[in-house]
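any chance you could fold what I've pasted below:
(one chain, ligands or ions: 1)
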Amino acid sequence: MNKKIIVFATANAHKVEEVRALLSAANPSLAEKYEILSLTDIGCKEDIPETSPSFEGNALQKAEYVKVHYNYDCFADDTGLEVRALGMEPGVRSARYAADEGHDHDARANMEKLLRNMKKATDRTAQFRTVIVLLMDSKKEVFEGVCKGSIIQTPSGKEGFGYDPVFVPDGESRTFAEMSIGEKNSISHRGKAVRQLVDYLIHKED
Ligand code: IMP
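Coordinates of the predicted model:
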C-alpha cells in the first residue's frame, strides 16, 4: 500500500520522533498508512515566518507555507506559556521573551525574565498551550492541548527544555524538568494536542 505523506512543518527532529512514536503506539497500522516527513526531509531550509498574534495563526502560517511552496498535506504546531499574573504573557512570544534584553531564543534568559517579572506575584497560576493546524485534502483541522499548573520561585530539574524547570503541572509536586519524557508527554499540552491529531487520523475516512 502506498503511504500517504504528511509533512510536519518543523525542523525539530525530536518533535517528529515524538509524533511518529505516538502514531504507532496509538495504532500500528496507522504507521503503515501515513509517513510523517520533517522540513529537513523535504529539503525546506527556509526560516518560515511566524508573525501572527495567535498560536493558531502562527501554526496556520507554517502549514500554509509548506502547502503553497511544496504542495504537501501538512501540519504545524505553535506552543507558548500563558501566565495569569502577566496578563497571559509571554504567550506567542515565549521563545523570544528576553529578545528585548539581547537574548534571542535563550531559554535561561527567558526563565530569568519570567521570574523577575513575577517576583511580587501571589497568583502563580499558568498554563502551556499547544495548537496544531492540519491542512489535509483541502480541509483545515485545529487541535489544541492545554496543561494547567503553576510557576515556582526557583528553577528545578535538568530534563526537558524551555520553561520546564519552573513549571509544576497541577496535581504534581515535580516540575516538568524533573520528569522523564514519557511522564511529561502523558500529561503535557503537546501530548494532548498530538493525541487529538492521531485520533483524527485514525477515524478519518479515506
Ligand atoms: P514551540 O512553538 O514549540 O517552538 O515553542 C515556543 C517556545 O515555548 C519554546 O521556545 C519554549 O520557550 C516554550 N515551550 C514550548 N513548549 C514547551 C514545553 O513543553 N516546555 C517548556 N517550554 C516550552
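
contact partners for the residue in the chain that the ligand sits nearest to?
Nearest residue of the chain to the ligand: Gly162, at 2.4 Å (CB to the nearest ligand atom). Yep, even glycine has a C-beta here, placed from its N, CA and C like the rest. Gly162 sits next to 81, 94-95, 107, 110 when contact means CB atoms under 8 Å, 6 or more residues apart in numbering.

and the two most separated of those residues?
Spatial extent of these (CB to CB) is set by the pair Leu81 and Ala107 at 11.3 Å.

neighbour-wise, which of those two wins?
Leu81 (27 against 18; other CB atoms under 10 Å).

so the more buried one, which of the three states?
Taking DSSP: H, G, I helix; E, B strand; the rest coil as the rule, one finds Leu81 in the strand state.

doesn't Tyr163 make contact with it?
Yes - under the criterion of CB atoms under 8 Å, Leu81 makes contact with Tyr163 at 5.1 Å.

joint contacts of the two?
Common contact partners of Leu81 and Tyr163 (CB under 8 Å, 6+ apart): 94, 114, 128.

which residues of the chain score low on pLDDT?
Scanning the chain for pLDDT under 70 picks out 1, 205-206.

buried ones in stretch 3-21?
Residues of stretch 3-21 classed as buried: 6-11, 15-16, 18-20 (neighbour count, 16 or more other CB atoms under 10 Å).

over to stretch 95-109?
Per 16+ other CB under 10 Å, stretch 95-109 contains these buried residues: 95, 97-98, 103, 106-107, 109.
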